[in-house]
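[1] From the sequence below, what's the structure:
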Amino acid sequence: MTSKDTSAAENSPEPSRFTRRRLLLGSLPFLALGGGGALGWQRLARPAAPDEPLSEAARALVAEAWKGLDPARVVDVHVHVVGIGTGDSGCWVNPRMRSFWHPLEYARFDIYRRAAGIRDLDAADAQYIERLSELARASDPRGRLMLLAFDRVHREDGSMDEGASEFYVPNDHVLAEVERAPDLFLACGSIHPYRKDAVAELERIVERGARAIKWLPSAMRIDPGSTLCDAFYAKAAELGVPILTHGGEERAVEVAEAQELSNPLRLRRALDAGVKVIVAHCASSGEGIDLDSPGNPRRPNFELFLRLIEDGKYRDRLWGEISATTQYNRCDVLPTLLSRSELHPRLVNGSDYPLPAINVLTRTGALLDRALITEVERELLNELDRHNPLLFDFVMKRSLRGPGGERFADRVFMPQGLLRTS
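    Residues are numbered from 1 along each chain as shown. Below is the predicted model of the structure:
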């Protein structure tokens, strides 16, 4: 039921989004303990095999995907770095995620570990980067990947709240990996704006080469509409550093009580302060409060994002990022994004790696059902998926066609002029 390959489940009536999510999340602890029969854990996070040769037809599809692109300008702006602190990386995950006493968190952690090719937890942090580097170098030609740091939760008084944090990836860890492989990677820092040293830390990491800042407001407990962000916004605008921030419902970590913090309309304060903002996933999941309407009705977050990006005063400040929009539970937004070519100059591409390596999330059958790809393309994309999830994600997005045959413009994959230059 979770495979990218043809299955009876893809042709059966789809349950509601809530039911699908409950079924998936409810099955994770069972699968983490080795259940699931023939389906099993490997179907959720299948190891790639970049050394295995591709068929001639798959190679031709890859070549077609690169037409019109300059590899030196291609950037995947959404690539996660994860770690548990091995090798003095400074990374950290909440102990709940490694405890059988918290089976849902444990299962989520184990899925990410397997998807990222981590075989030995004692060397987890190095193995993650090694695997990512292997996948990147296996592509020829190739662009660069922007690696994301991730800050801890901080309270309104500026103090750190480790217990509320899911994981932590230090800025210095990401910067060091970029310095080791500048041909592969760019750096995206992460700074909670409530930190007492937020402005100083922003200046420090920009000096070392950070191109952007990553936020996940619901998980980090950041209210983008708070006055507590003002000093950070002023410095980010001065330095020309964009904020790549999650938009819409968050499903990768447990943040139920803070979902509204990722309402795209809460980003107006940053935009009005002159900050460049990139809304991850184009806010393509869940609903948010319509802060512009009397009575504050709830609207799809994607609708609220479109309202923002259509506002002329944000023309040079607001972008949407298309990672995860190909996932089975988000891909209904793709016909709109593809057909509205006037938005393409303000869209950028990201993979949200390691999520493309989690087989349950992107179903090529769902894309075929919506006539976004052909049956032949589906078979070749499935081959690429087994070969290299990063390449699969890139070629899939380059292969998509909208209702009138529209495709994402080349510039979506070459975001020059948006990221801060070093």
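[2] Output the below-cut-off pLDDT ranges for this protein.
    Scanning the chain with the threshold set as pLDDT under 70 gives 1-48, 100-102, 251-257, 422.
[3] Could you pull up the residues touching the residue most central in space within it?
    Note on the chain: the residue nearest the mean C-alpha position is Asp352, at 2.8 Å, using CA atoms, centre = their mean. Taking CB atoms under 8 Å, 6 or more residues apart in numbering, we find Asp352 in contact with 78-80, 280-281, 323-324. Backbone N, C-alpha and C define where each C-beta goes, glycine included.
[4] what's the burial count for the residue nearest to it when sequence neighbours are not counted?
    Once flanking residues are discounted, Asp352 sits nearest to Ser323: 3.9 Å by CB to CB, 6 or more residues apart in numbering. Using other CB atoms under 10 Å, Ser323 has 26 neighbouring residues.
[5] and if you look at Pro415?
    24.
[6] And Ala60, by the same measure?
    The burial count for Ala60: 12, using other CB under 10 Å.
[7] who touches the helix or strand containing it?
    In this structure, Ala60 sits in helix 56-66 according to DSSP states H and E. The contact list for helix 56-66 (CB under 8 Å, 6+ apart) reads 54, 141, 376-377, 380-381, 383-384, 387, 391, 394-395, 398-399.
[8] Tell me who's in contact with Arg266.
    Arg266 makes contacts with 217, 223-225, 260, 291, as judged by CB under 8 Å, 6+ apart.
[9] Roughly how far does it sit from Leu291?
    7 Å (CB to CB, to the nearest Å).
[10] what do you get for Glu134?
    Applying CB to CB to Glu134 and Leu291 gives a distance of 45 Å.
[11] Now do the helix or strand where Leu334 lies: everything it contacts.
    Under the criterion of DSSP H and E, Leu334 resides in helix 334-339. The contact list for helix 334-339 (CB under 8 Å, 6+ apart) reads 282, 302, 306, 320, 322, 325-326, 343, 347, 367, 370, 372, 400-404, 406-408.
[12] Partner strands of whichever helix or strand comes after that helix and their direction?
    Remark: after helix 334-339, the chain's next helix or strand is strand 347-348, criterion DSSP H and E. Sheet pairing for strand 347-348, assigned by DSSP bridges, gives strand 318-321 (parallel).
[13] what does the partner strand rub up against?
    77-78, 242, 244, 267, 271, 276-283, 305, 308-309, 311, 337, 343, 346-350, 415, 418.
[14] Run the chain-centre distance for that strand.
    13 Å (CA atoms, centre = their mean, to the nearest Å).
[15] Could you do stretch 283-299 as well?
    Distance, centroid of stretch 283-299 to centroid of chain: 22 Å (CA atoms, centre = their mean).
[16] Convert it to PDB, retaining C-alpha atoms only.
    Extracted in PDB, the C-alpha atoms of stretch 283-299 (Å, rounded to 0.1, in the frame of the first residue of the first chain):
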ATOM      1  CA  ALA A 283       2.100  25.900   2.500                       C
ATOM      2  CA  SER A 284       0.400  23.000   0.700                       C
ATOM      3  CA  SER A 285      -1.100  21.100   3.700                       C
ATOM      4  CA  GLY A 286      -3.700  21.800   6.400                       C
ATOM      5  CA  GLU A 287      -5.800  24.800   7.200                       C
ATOM      6  CA  GLY A 288      -5.100  28.000   9.000                       C
ATOM      7  CA  ILE A 289      -7.000  30.900  10.400                       C
ATOM      8  CA  ASP A 290      -7.800  33.500   7.900                       C
ATOM      9  CA  LEU A 291      -6.500  36.500   9.800                       C
ATOM     10  CA  ASP A 292      -7.700  38.900   7.100                       C
ATOM     11  CA  SER A 293     -11.400  37.900   7.300                       C
ATOM     12  CA  PRO A 294     -14.000  38.800  10.000                       C
ATOM     13  CA  GLY A 295     -14.700  35.900  12.300                       C
ATOM     14  CA  ASN A 296     -11.400  34.300  11.400                       C
ATOM     15  CA  PRO A 297     -12.700  31.400   9.400                       C
ATOM     16  CA  ARG A 298     -10.400  28.500   8.500                       C
ATOM     17  CA  ARG A 299      -9.000  28.300   5.000                       C
END
